[in-house]
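Undergrad: Prediction below, plus the sequence it came from.
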Amino acid sequence: MLIKRPTDIPSSEITDKETYLNRRHFMQSALGLAMLPLFNEAQAGYGNTPLKHEKAERFRIDEELTPYKDISSYNNFYEFGTDKYSPAKQAQQLTTDPWSITIAGHVEKPGTYSLEDIMKPHALEERIYRLRCVERWSMVIPWIGFSLADMIKRFQPTSSAKYVKFTTLERKSEMPGLRRRVLDWPYVEGLRIDEAMNPLALMAVGLYGEALPKQNGAPIRLVVPWKYGFKSIKSVVKIEFVDRQPVSSWEQAAPREYGFYSNVNPQVDHPRWSQKRERRIGEFLKRKTLMFNGYEEQVAYLYKGMDLRKNY
Amino acid sequence: MSKRQLLVLKAIIFILCLLPLSWFIYGVFTDQLGANPIEVVTRGLGEWGLQFLLATLCMTPLKDLLKQPWPIQLRRMLGLFSFFYLVLHLFSYLWLDQFFDWAEIWIDIKKRPFITVGVLSLLSLVPLALTSNKWSQRRLGRKWRRLHFLIYPIAILAVVHFFMLIKLDLLRPSIFAACLALLLGYRLFKARFWQKK
């Protein structure tokens, strides 16, 4: 007996590119009237390429933004060193142009696409998200990017695509951290297809109105704000549609501590520390960590009936 | 070395030992410790405490090497500085990490082995710090040596604590472990082969 699984993408979801683009233009103009998009007025200027974007009202939170200086100087990006301060220095040698992403696996339109081709059909929008690191610190970041779901639809995954596997660049000549095998390079992350199709999942190409600083995962990275930060994989070069749950890098390195899901959850402790509280960068007192990092309303349905203690 | 020279040496080392702490205080107030200064301070205090502990353990081999008594005369000060930094390290955890939420702290101590090990090693240092004066040394006589032998298991626990809190990159704790192994190895070697003569 064939039982339709909720994770399958209904064929009605898969639109051909032409219609899809038209719809996008229509949506843009409709939205434009409603929310008066602010097209990238003079930004403070942090030295990265300014990006034209709209402000997505749906994805804003009323919390103080973490300063650019902190976002771009305190990074976990092990390809450029395992301490927080190395990536800001070491990542500057990374060549991000040209850049391409290989789309593979169970999709109708596999291939290697240039970053320009990947980005072309998408209007960029600014979304303000919380970022909660598994190490108990957090930030609020104004990302610039586009919906992962919109991107995935273009490549038309087939019904065998149950999971999406992302891979980071592995380039020894420019990534000094690769000389040491602290992780099993290249860095790999994964999402269930329905997680990937959730409107919150973002492909980010910038922050604070400009292109991503290299240490933040330039030129393109994933942002899944309801999961611990390490799920938001940086400098993506490959996206595969697979039928089995991929093993993420941290899961492989320490399976008892880092699970595939890694949803932010104050009730489930890390084996070595409680996840009940976090320090927002720039604040002295700690905050209570929110279920799914405050995105419970948008994502809780994905995990209905699942034991989140087992599926940590 | 004359008494005067020893006094000058002690004064210099005393000031040097206060430099890391001064840097943390200066760094916090001038915003030079990066995006997460509290993490830098907490970890920094722990690492300096451990470095002073290793420095303390270096004094005996140094004495043997130089055939001079003055390293032993510096040993107590270094040991007390180690204790001082480690107490501040614990205090920064109690205050800046847990904000004196004793219920949470107790859960941490019971449930998280790296906290258990850390707290245990620091508590064991207390009697050593309290009896580090000449008066206790005289009063306790031979028992003093046996009590202060505790410094070896304490140092091992402290390095284990460092290993356990690291997420993945074990390079730094490994360096500490290697130094400690060398220092303990030296003592074992000495006890076995030299003092039998």
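TA: That came through fine.
Undergrad: got the buried residues for the longest helix seen in chain B?
TA: The longest helix of chain B (DSSP state H) is helix B:37-66. When burial is assessed from 16 or more other CB atoms under 10 Å in any protein chain shown, helix B:37-66 yields the following buried residues: B:37-60, B:62-63. The way it works is simple: take the backbone N, C-alpha and C, and place the C-beta from them, glycine included.
Undergrad: try stretch A:175-191
TA: For stretch A:175-191, the neighbour count (16+ other CB under 10 Å) marks A:175, A:177-178, A:182-183, A:185-191 as buried.
Undergrad: from the residues you listed, which has minimum pLDDT?
TA: Within the set of the buried residues of stretch A:175-191, pLDDT is lowest for residue A:182 (92).
Undergrad: Double-check that it belongs to a strand.
TA: No. Residue A:182 is assigned coil when assessed by DSSP: H, G, I helix; E, B strand; the rest coil, not a strand.
Undergrad: mind listing what it touches?
TA: Neighbouring residues of residue A:182 by CB atoms under 8 Å, 6 or more residues apart in numbering or on different chains: A:78, A:82, A:253, B:168-169.
Undergrad: In TSV, list those residues along with pLDDT.
TA: Listed next are the contacts of residue A:182 as TSV, based on pLDDT from 0 to 100:
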residue	pLDDT
A:78	97
A:82	93
A:253	94
B:168	82
B:169	86
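Undergrad: can you pick the most crowded of these?
TA: Using other CB atoms under 10 Å in any protein chain shown as the neighbour criterion, residue A:78 leads the contacts of residue A:182 with 26 neighbours.
Undergrad: Burial check on residue 132, number of neighbours?
TA: In the absence of a named chain, this looks at chain A. With neighbours defined by other CB under 10 Å, the count for residue A:132 comes to 26.
Undergrad: Please refer instead to chain B.
TA: Number of residues near residue B:132 (other CB under 10 Å) recorded here: 17.
Undergrad: Over to residue A:291?
TA: By other CB under 10 Å, the residues close to residue A:291 number 16.
Undergrad: contacting residues for it?
TA: Residues in contact with residue A:291 (CB under 8 Å, 6+ apart) are A:264-267, A:300.
Undergrad: State the distance from it to chain B.
TA: For residue A:291, the distance to chain B equals 19 Å [CB to the nearest CB, to the nearest Å].
Undergrad: Would you mind listing what in chain B touches chain A?
TA: B:34-36, B:38-39, B:99, B:104, B:107-108, B:111-114, B:164-165, B:167-169, B:171 (CB under 8 Å from any CB of the partner chain).
Undergrad: Name only those of those residues that count as buried.
TA: The neighbour-count criterion (16+ other CB under 10 Å) marks B:34-36, B:38-39, B:107-108, B:112, B:114, B:164-165, B:167, B:169 among the residues of chain B next to chain A as buried.
Undergrad: Identify the farthest-apart pair in those residues.
TA: Greatest spatial distance among those (CB to CB): B:34 and B:107, at 29.4 Å.
Undergrad: Leaving out chain neighbours, which residue sits closest to the residue most central in space within chain B?
TA: Taking CA atoms, centre = their mean, the centroid of chain B lies closest to residue B:53, which sits 3.0 Å from it. In this structure, residue B:53 finds its nearest non-sequential neighbour in residue B:82, 4.2 Å apart by CB to CB, 6 or more residues apart in numbering or on different chains.
Undergrad: Tell me which residues touch that neighbour, please.
TA: Residue B:82 is in contact with B:49-50, B:52-53, B:55-56, B:125, counting by CB under 8 Å, 6+ apart.
Undergrad: Quick check: the gap between residue B:53 and chain A.
TA: 23 Å.
Undergrad: Quick check: that residue touching residue B:159?
TA: No. At 9.1 Å, residue B:53 does not count as touching residue B:159 under the criterion of CB atoms under 8 Å.
Undergrad: thinking again about what came up before, the residue nearest to residue B:53 sits in which helix or strand?
TA: Applying DSSP states H and E as the criterion places residue B:82 in helix B:70-92.
Undergrad: got the angle between that helix and helix B:37-66?
TA: 160 degrees (axes from the mean of the first three to the mean of the last three CA atoms, to 10 degrees).
Undergrad: Give me the helix or strand of chain A that scores worst on average pLDDT.
TA: Within chain A, no helix or strand scores below helix A:17-35, which has a mean of 45 by mean pLDDT, DSSP states H and E.
Undergrad: residues touching residue B:169, list them.
TA: Going by CB under 8 Å, 6+ apart, residue B:169 touches A:78, A:82, A:180, A:182.
Undergrad: the helices in the chain, which residues?
TA: Using chain A here. In chain A, the helices defined using DSSP H lie at A:17-35, A:68-71, A:86-90, A:115-119, A:148-155, A:193-196, A:249-253, A:296-299.
Undergrad: wrong one, chain B
TA: According to DSSP H, the helices that chain B contains are B:3-29, B:37-66, B:70-92, B:102-111, B:113-130, B:134-140, B:142-148, B:151-165, B:171-189.
Undergrad: Let's have those helices in CSV, adding mean pLDDT.
TA: Converted to CSV, those look like this (pLDDT from 0 to 100):
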stretch, mean pLDDT
helix B:3-29, 95
helix B:37-66, 96
helix B:70-92, 96
helix B:102-111, 93
helix B:113-130, 95
helix B:134-140, 92
helix B:142-148, 93
helix B:151-165, 95
helix B:171-189, 95
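Undergrad: what comes into contact with stretch A:154-165?
TA: When contacts are defined by CB under 8 Å, 6+ apart, stretch A:154-165 is touched by residues A:7-9, A:14, A:17, A:20, A:103, A:105-110, A:121, A:152, A:188-193, A:196, A:238-246.
Undergrad: Over to stretch B:88-102?
TA: Against stretch B:88-102 from outside (CB under 8 Å, 6+ apart): A:285-286, B:21, B:38, B:41-42, B:45-46, B:49, B:104-105, B:108, B:118-119, B:122.
Undergrad: can you pull the buried residues of that stretch?
TA: B:88-90, B:92-93, B:96-98.
Undergrad: residues near the nearest residue to residue B:156 once chain neighbours are set aside, how many?
TA: Counting by CB to CB, 6+ apart, residue B:156 lies nearest to residue B:180, which is 6.9 Å off, once chain neighbours are set aside. As a burial measure, residue B:180 scores 19 neighbours (other CB under 10 Å).
Undergrad: Enumerate every residue touching residue B:180.
TA: By CB under 8 Å, 6+ apart, residue B:180 lies in contact with B:54, B:57, B:155-156, B:159.
Undergrad: Can you pull the poorly scored residue ranges out of the stretch 151-300 of chain A?
TA: Residues of the stretch 151-300 of chain A meeting the criterion pLDDT under 70: none.
Undergrad: can you give me the strands for it?
TA: With DSSP state E, counting those that start in this stretch, the ranges of strands along the stretch 151-300 of chain A come out as A:163-168, A:188-192, A:202-207, A:210-211, A:221-223, A:236-242, A:277-280, A:287-288.
Undergrad: Deepest in the core, which of those is it.
TA: A comparison of those by mean neighbour count, using mean count of other CB atoms under 10 Å in any protein chain shown, puts strand A:202-207 on top with a mean of 25.
Undergrad: Strand partners (parallel or antiparallel) of that one?
TA: Strand A:202-207 has the following sheet partners, assigned by DSSP bridges: strand A:137-147 (antiparallel), strand A:210-211 (antiparallel), strand A:221-223 (antiparallel).
Undergrad: List the contacts of the last one.
TA: Contacts of strand A:221-223 with the rest of the structure, by CB under 8 Å, 6+ apart, involve A:129, A:131, A:143, A:145, A:148, A:166, A:189, A:201-204, A:212, A:231-236.
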